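Participant: structure for the following, please:
(chains A, B, C and D)
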Protein chains: 2
Amino acid sequence: MATIKDVAKLAGVSISTISRVLNAPDKVSKDKRERVLRAIEQLKYHPNALARGLIHKKTKTLGILIPDISNYYYAEMFRGMEDAAQEFGHNIIICNTDKDKQRMISALRSMKEKQIDGFVFTSEPVYPDYYDIFNQLGLPVVLASTQSLEYAIPSVKIDDEQAGFDAAQYLIDCGHRRIAMISGPHLDPIAGMSRLQGFMRAMRTNELDFDSARCVEFGNYRYDDGYAAMERLWDKNPELTAVFAASDEMALGAIYFLYRSGVRVPDEVSILGMDNTRIACMSLPRLTTVAQPIYEIGYKAVRTLQEVLDGAGPATLRTYLSHQIVARDTVKNVNGEIF
Amino acid sequence: MATIKDVAKLAGVSISTISRVLNAPDKVSKDKRERVLRAIEQLKYHPNALARGLIHKKTKTLGILIPDISNYYYAEMFRGMEDAAQEFGHNIIICNTDKDKQRMISALRSMKEKQIDGFVFTSEPVYPDYYDIFNQLGLPVVLASTQSLEYAIPSVKIDDEQAGFDAAQYLIDCGHRRIAMISGPHLDPIAGMSRLQGFMRAMRTNELDFDSARCVEFGNYRYDDGYAAMERLWDKNPELTAVFAASDEMALGAIYFLYRSGVRVPDEVSILGMDNTRIACMSLPRLTTVAQPIYEIGYKAVRTLQEVLDGAGPATLRTYLSHQIVARDTVKNVNGEIF
DNA sequence: CTGAAAGCGCTTACAG
DNA sequence: CTGAAAGCGCTTACAG
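Facilitator: Model prediction:
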């Protein structure tokens, strides 16, 4: 492959001049500039970004840590990240962590060695030992779809507690009283416990009875988890009329359990999902769900990282994008009905 | 950040020695090795992969060009790629192209400058001008979910023509005679025309009447395309009993159109999808579909690229992984029924 | 406007 | 076993 020296030789100038036509063309006489451009074209010369990065200590490369890109939620969020990156001339190195600490550490080490300018960390809480690792790296970091109340790390997400509240309130407004929730895991303070807390706050605010032992089951956001959780829920509480699931996949799993049990959705039981991934409108009946601006979370997270890299610092430390309920066909309004 | 010089100073040795403990530890005396290791630890030293890459002319970084990662099919394929990469110590730079030539060119240029070792190109045919671009880059390339018969580029995919054939044969074996297809676009020779040709071959082989004007509609693999195509199909051909859609999403779109039209699936019309993305078993009724080993295609494509990089050359130029039909709930066996 | 030289952070013969 | 030196492909003052 041609290097700057080859171009210099062919064009009959010094390598400094080549560098100049690439970085500050108007500082070079028209005559030489054209000769150089021709030589570049002729040799198919591509400047070596490693050499450049070594000098500038910038690579225009960002790291992204994501639990699992084959998960629809992350796939869509990642698209937002990539678009933001591309728009501002950055490339992305991505790594799936499966929420595995070792995998994360080794990815981060290797990204660090490749001199990424900064990275986005997704969906997991920032545990103290994670914070230590981030610190030792000395790289700018932004959190997407997670946040830290303890540490001053910029983050972009929705208000999960409020989303849980709004979900319950929506079902209540639709006339439901015996409501259950399929929550995310206990160990997930962000999308798990916050939503459940918001949900319970709404029940309290509306002075509705809510026995969490009978009305809450847990799952890890996947379809099978939703199926199994609905099974347990139905087993101990067959008189409920509405269920809020903390992910669309779990909602669909719950629907499938009910379908197999001969329970009609939404006629007998209403199901409210969460996320509004594209499956929500591709399944049947089409899923009513609490929509997150997933793409925007990814986009905004990378934009925030870029603001930090520009030295301006992020406009706001903790950004909350707004959620909204998208009414489709799985929640029935039972106001006025007689039980 | 600490450099090799800082470590050398702290450990009281030359930078050569630092380099040796990192790359050939047994060539260094135990005494010095330990001192160096301690200094590395103390300074949180991370070697700079740019400098190393400059010398080795290898970066252990691979490029991936994909139309759209938020598409379920590619998300799953990409997961396979990333796993293969990680297993063999490679990192991945990914770029969404939206099948846009300019976007592809600029991504490739930037990946080339960052000295990727090779790249995987996905899903689009290798047009002659693409081939020229690949050639000028001088980088190893492997095709995933596409292939080239004109050029000797390694590729990994299923046999799409045969998949189309098997799809039709399956419906025929289930007793269907008046069968239609929702195909991919005319402009897509790989997943579009090949599957249609295989489909038509099966109809011919079985001596079934097949008027392509009445029995084929086209769409771009998305849900809405499937809905619209089914609408056109139903409009001109309401006596059909089975439809093969060239993607799961189009199949689901078709089902939704039929549902809205009061046509029962599979009792009145059977639907056969293609891909077996995870939505196939998350929708209701659960979709019968021609399964592609999507993850494996991605995994194998990167493995093949790594074989090329190892200098061995790919074991086989054109790899075909096998598809299989997964029977679920949207295709009805009508053998023995009276029409 | 232009070129020679130093330097970015490493690796790798080469001598000892 | 160890270190000094050259070199990977660039950029950037510095002189002219």
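Participant: show me what from the stretch 101-250 of chain A comes close to chain B.
Facilitator: Residues of the stretch 101-250 of chain A lying close to chain B by C-beta under 8 Å from any C-beta of the partner chain are A:103, A:107, A:109-115, A:136, A:138, A:223, A:249. C-beta: built from backbone N, CA, C; applies to glycine.
Participant: between these, which is closest to DNA strand D?
Facilitator: Nearest to DNA strand D among these is A:Gln115, at 12.6 Å by C-beta to the nearest atom of the strand.
Participant: would you map the helices across the stretch 201-339 of chain A?
Facilitator: A:212-215, A:223-236, A:248-260, A:294-309 (DSSP state H, counting those that start in this stretch).
Participant: dump those helices into JSON lines; add mean pLDDT as well.
Facilitator: What follows is those, written out as JSON lines (pLDDT from 0 to 100):
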{"stretch": "helix A:212-215", "mean pLDDT": "92"}
{"stretch": "helix A:223-236", "mean pLDDT": "97"}
{"stretch": "helix A:248-260", "mean pLDDT": "97"}
{"stretch": "helix A:294-309", "mean pLDDT": "97"}
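Participant: most packed of those helices?
Facilitator: helix A:248-260 (a mean of 25; mean count of other C-beta atoms under 10 Å in any protein chain shown).
Participant: could you export it as CSV, CA atoms only?
Facilitator: Below are the C-alpha coordinates for helix A:248-260, written out as CSV (Å, rounded to 0.1, in the frame of the first residue of the first chain):
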residue,chain,number,x,y,z
ASP,A,248,-42.9,-6.1,25.2
GLU,A,249,-41.4,-9.5,25.0
MET,A,250,-42.7,-10.5,28.4
ALA,A,251,-46.1,-9.1,27.5
LEU,A,252,-46.2,-11.3,24.4
GLY,A,253,-45.1,-14.3,26.5
ALA,A,254,-47.9,-13.6,28.9
ILE,A,255,-50.4,-13.3,26.1
TYR,A,256,-49.3,-16.6,24.7
PHE,A,257,-49.8,-18.3,28.1
LEU,A,258,-53.3,-16.8,28.4
TYR,A,259,-54.1,-17.9,24.8
ARG,A,260,-53.1,-21.4,25.6
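Participant: show me what it is packed against.
Facilitator: strand A:179-183, helix A:223-236, strand A:242-245, strand A:270-275 (3 or more C-beta pairs under 8 Å, 6 or more residues apart in numbering or on different chains; DSSP states H and E).
Participant: give me the contacts around the second one.
Facilitator: In this case it means helix A:223-236. A:180, A:182, A:214-215, A:217-219, A:240, A:243, A:245, A:247, A:249-254, A:256-258, A:261, A:263, B:278, B:281-282 (C-beta atoms under 8 Å, 6 or more residues apart in numbering or on different chains).
Participant: for the stretch 51-200 of chain A, which residue gets nearest to DNA strand D?
Facilitator: Taking C-beta to the nearest atom of the strand, the stretch 51-200 of chain A has A:Ala51 as its residue nearest DNA strand D, at 3.1 Å.
Participant: whichever strand or helix holds that residue and chain B in contact?
Facilitator: Per DSSP states H and E: A:Ala51 is located in helix A:49-56. Yes. Against chain B, helix A:49-56 shows contacts by C-beta under 8 Å from any C-beta at A:Ala49, A:Leu50, A:Ala51, A:Gly53, A:Leu54.
Participant: ok so, going back, and the residue of the stretch 51-200 of chain A closest to DNA strand D, what pLDDT?
Facilitator: Predicted confidence (pLDDT) for A:Ala51: 96.
Participant: report the contact partners of it.
Facilitator: Counted by C-beta under 8 Å, 6+ apart, A:Ala51 has contacts B:Leu50, B:Leu54.
Participant: distance of it from A:Leu240?
Facilitator: Separation of A:Ala51 from A:Leu240 (C-beta to C-beta, to the nearest Å): 65 Å.
Participant: would you mind listing what in chain A touches DNA strand C?
Facilitator: Counting by C-beta under 7 Å from any atom of the strand, chain A comes close to DNA strand C at A:13-17, A:20, A:27-29, A:31-33, A:51, A:54-55, A:57.
Participant: now for those residues, which pair is the farthest apart?
Facilitator: Maximum pairwise distance among the residues of chain A next to DNA strand C (C-beta to C-beta): 33.9 Å, between A:Asp31 and A:Lys57.
Participant: is A:Glu124 within a helix or a strand, and which one?
Facilitator: Counting by DSSP H and E, A:Glu124 is found in no helix or strand.
Participant: wait, it touches A:Pro67, no?
Facilitator: Yes. Taking C-beta atoms under 8 Å as the definition, A:Glu124 is a contact partner of A:Pro67 at 7.3 Å.
Participant: what is in contact with these two at once?
Facilitator: A:Thr97, A:Lys99.
Participant: you'd agree A:Leu65 is in a strand?
Facilitator: Yes. Counting by DSSP: H, G, I helix; E, B strand; the rest coil, A:Leu65 is located in a strand.
Participant: bridged to it, which residues?
Facilitator: Beta bridges link A:Leu65 to A:Cys95, A:Phe121 when assigned by DSSP bridges.
Participant: my read is that it contacts A:Ala107, right?
Facilitator: Yes. Counting by C-beta under 8 Å, A:Leu65 touches A:Ala107, with 6.3 Å between them.
Participant: quick one: the closest residue to DNA strand C within the stretch 51-200 of chain A and B:Ala51, what's the gap?
Facilitator: Of all residues in the stretch 51-200 of chain A, A:Leu54 sits closest to DNA strand C, at 3.9 Å by C-beta to the nearest atom of the strand. Here A:Leu54 is placed at a distance of 6 Å from B:Ala51 (C-beta to C-beta).
Participant: and what of A:Tyr151?
Facilitator: Separation of A:Tyr151 from B:Ala51 (C-beta to C-beta) stands at 32 Å.
Participant: A:Tyr221 now?
Facilitator: On the measure of C-beta to C-beta, A:Tyr221 and B:Ala51 end up 42 Å apart.
Participant: can you check A:Arg204 too?
Facilitator: Distance, A:Arg204 to B:Ala51, using C-beta to C-beta: 60 Å.
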